[in-house]
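1. have a look; sequence and predicted model below, questions after that.
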Amino acid sequence: MQLEKYAIDEHNHQLLKNHQRNFEHVAADVKELDTVISKLKAFNIAIPSWALGTGGTRFGRFSGGGEPRSLEEKLEDVGVIHALNRSSNSISLHIPWDIPDNAQAIKALATQLGLHFDAVNSNTFQDQASQKHSYKFGSLHHVDKEVRQQAIQHNIEVIKYGVELGSKALSVWLSDGSNFPGQLNFRGAFQNTLESLQEIYGTLPNDWKVWVEYKPYEPNFYSTTIGDWGQSYLLASKLGPKASTLVDLGHHLNGTNIEQIVSILLMEGKLAGFHFNDSKYGDDDLTVGSINPYQLFLIFNELVEGMDARNMNHATDIGWMIDASHNVKDPIEDLLQSVQAIKIAYAQALLVDKKALQAAQLNNDVALAQEILQAAYRTDVRPLIAQASLLMGGALDPIKAYRKLNVRDSLIKERGVNTVATGL
Ligand SMILES: [Mn+2]
């Protein structure tokens, strides 16, 4: 299904008066308003193909109605999200869950919906029915060369699918690790991983990148071979300039200062991008901004400052992507909320008075530094985001519009109540 623009416009019309009042109120205090709005207009966050259905847990999965049954329908769902928020113009595919049967046709559909293909993700954390060797004891780090070769070939195949669709990056997350002390030789596992990645790296097209994701634990509970940003950074450094570190917000131990990690990776030119989600305990994959929006703001504060220091384009020089799972919400609503939370944090970071902050830092004026940061954080920037969306032809309030236009009901009518999307 595709949303008609006139329906969105009609809905906007009902909200317009209130919006204008709110917008003028916040805009009055924004320096360089035009720059802020144009940056918000340009900012997009990729939607992962596995997040359009209901996520499962170890214990159960409760499907919603009208879930996409095919890659085409997943694209259509991203098209709906993008039509509403004008900030989700790409999809990140997961292979083998979403192998395109006909790359040209899929690409044409994406273009028609105003979408393109973000990073492609490989999967060597599950066994597929057709594969010869099991990944029970790991993939790229495996002690058996034949298992490593199989995993390497899979990644090369994923790059091939990505090339057909116009992707420019391979995203690698490995569950490789050990469950018990003594199970693994850490150096051997790391060395095998490096050599496997080097082989994959060697097949990357010139304009491609490889993003190395880390995670401290789960599914393995004693060690993970790429367990933290240091290990990922070390691999990325040894691999070369096309390799960098991908930060998934849920892949840290409690209390980790993620904004500091981000700042240093960015300084070294090794920050690939993000998998956004939120968490309270572990890799909870909750809606972005639902638990700790202040941390998200602090991350964006480092990003904006660090990217400006390197003259980077905020919208395109880093990979922005959601990696979340929705167990009890409508996935499209959840994704709209996540994109909105990211844009709020980004807009607030744009409002930080950087000159004043720098002066406060140089004077060791700790209280003033906090005041400056929190003045930006406590600004209600939603009308700025709504204004950017409006100017791009999107909805002033994407979730309200989604509900008003009865999108889920239409999807259920079209696809049925008992559909199950491929994915986690
Ligand atoms: Mn991730």
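-> That came through, no problem.
2. quick check: end-to-end length of stretch 80-89?
-> End-to-end distance of stretch 80-89 (C-alpha to C-alpha, to the nearest Å): 10 Å.
3. adjust the sequence numbering to begin at 40 for everything that follows.
-> Yep, numbering from 40; the last one is stretch 119-128 now.
4. which residues are contacting it?
-> If you take C-beta atoms under 8 Å, 6 or more residues apart in numbering as the criterion, stretch 119-128 is touched by 40-42, 44, 47, 80, 82-86, 117, 152-155, 371, 374-375, 378-379, 382, 427-428, 431-434, 437, 440-441, 446. C-beta here means a position set from N, CA and C on the backbone, and glycine is covered the same way.
5. so which of these sit within strands?
-> Per DSSP state E, strands hold the following members of the contacts of stretch 119-128: 86, 155.
6. now, the contacts of stretch 119-128 that are in helices?
-> Within these, residues falling in helices by DSSP state H are 44, 47, 80, 117, 371, 374-375, 378-379, 382, 427-428, 437, 440-441, 446.
7. closest one to residue 142 out of these, please.
-> Checking the ones in helices among the contacts of stretch 119-128 against residue 142 with C-beta to C-beta, the nearest one is residue 117 at 16.9 Å.
8. ok, that closest one to residue 367 distance?
-> Going from residue 117 to residue 367 by C-beta to C-beta, to the nearest Å gives 21 Å.
9. these two - which one has more neighbours?
-> The neighbour comparison of residue 117 against residue 367 (other C-beta atoms under 10 Å) goes to residue 117, with 27 against 9.
10. who touches stretch 331-344?
-> So stretch 331-344 is contacted by 288, 297-299, 301-302, 305, 315, 317, 327-328, 353, 357, 380-381, 383-385, 387-389, 391, 393, 412, 415-416 (C-beta under 8 Å, 6+ apart).
11. buried residues, that stretch. List them.
-> Within stretch 331-344, the residues that count as buried by 16 or more other C-beta atoms under 10 Å are 331-332, 334-344.
12. can you dump the C-alpha coordinates of it into PDB?
-> What follows is stretch 331-344, C-alpha atoms only, in PDB (Å, rounded to 0.1, in the frame of the first residue of the first chain):
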ATOM      1  CA  ASN A 331      17.300   7.200  28.200                       C
ATOM      2  CA  PRO A 332      16.700  10.200  25.800                       C
ATOM      3  CA  TYR A 333      19.300  12.200  27.600                       C
ATOM      4  CA  GLN A 334      22.100   9.700  26.700                       C
ATOM      5  CA  LEU A 335      20.900   9.900  23.100                       C
ATOM      6  CA  PHE A 336      21.200  13.700  23.200                       C
ATOM      7  CA  LEU A 337      24.700  13.500  24.800                       C
ATOM      8  CA  ILE A 338      25.700  11.100  22.000                       C
ATOM      9  CA  PHE A 339      24.400  13.500  19.400                       C
ATOM     10  CA  ASN A 340      26.100  16.400  21.100                       C
ATOM     11  CA  GLU A 341      29.500  14.600  20.600                       C
ATOM     12  CA  LEU A 342      28.500  13.700  17.000                       C
ATOM     13  CA  VAL A 343      27.600  17.200  15.900                       C
ATOM     14  CA  GLU A 344      30.700  18.700  17.600                       C
END
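13. so what's the gap between it and the chain middle?
-> Chain-centre distance of stretch 331-344: 15 Å, with C-alpha atoms, centre = their mean, to the nearest Å.
14. go through the contacts of stretch 331-344 and flag which are in strands.
-> Those of the contacts of stretch 331-344 mapping onto strands are residue 315, per DSSP E.
15. buried ones among the contacts of stretch 331-344?
-> When neighbours are counted using 16+ other C-beta under 10 Å, the contacts of stretch 331-344 contain these buried positions: 288, 297-298, 301-302, 305, 315, 317, 327-328, 353, 357, 380-381, 383-385, 387-389, 391, 393, 412, 415-416.
16. among those, which lie within helices?
-> 297-298, 301-302, 305, 380-381, 383-385, 387-389, 393, 412, 415-416.
17. please identify the residues of the stretch 140-289 of the chain in proximity to the ion?
-> residue 287 (C-beta under 5 Å from the ion).
18. what segments of the stretch 140-289 of the chain are strands?
-> 155-156, 159-160, 208-211, 216-217, 248-252, 262-263, 282-287 (DSSP state E, counting those that start in this stretch).
19. what does the longest one contact?
-> Okay, so that is strand 282-287. 210, 212, 236, 240, 248-254, 268, 271-272, 274-276, 297, 300-301, 304, 308-314, 316, 322, 358, 362.
20. between that strand and helix 297-306, how many degrees?
-> Using axes from the mean of the first three to the mean of the last three C-alpha atoms, to 10 degrees, the direction of strand 282-287 lies 160 degrees away from that of helix 297-306.
21. filter the ones in helices among the contacts of stretch 119-128 down to the buried ones.
-> Buried among the ones in helices among the contacts of stretch 119-128 by 16+ other C-beta under 10 Å: 47, 80, 117, 371, 374-375, 378-379, 382, 427-428, 437, 440-441, 446.
22. out of those residues, who's nearest the ion?
-> The ion lies nearest to residue 374 out of those, by C-beta to the ion, at 14.9 Å.
23. separation between the residue of the chain positioned farthest from its centre and the ion?
-> Taking C-alpha atoms, centre = their mean, the residue of the chain most remote from its mean C-alpha position is residue 402, at 36.8 Å. From residue 402 across to the ion, the span is 40 Å (C-beta to the ion, to the nearest Å).
24. now do the same contact list for the nearest residue to residue 291 once chain neighbours are set aside.
-> Distances taken as C-beta to C-beta, 6 or more residues apart in numbering put residue 297 closest to residue 291, at 5.8 Å, once the chain neighbours are dropped. With contacts defined as C-beta under 8 Å, 6+ apart, the neighbours of residue 297 are 286, 288, 291, 334, 338.
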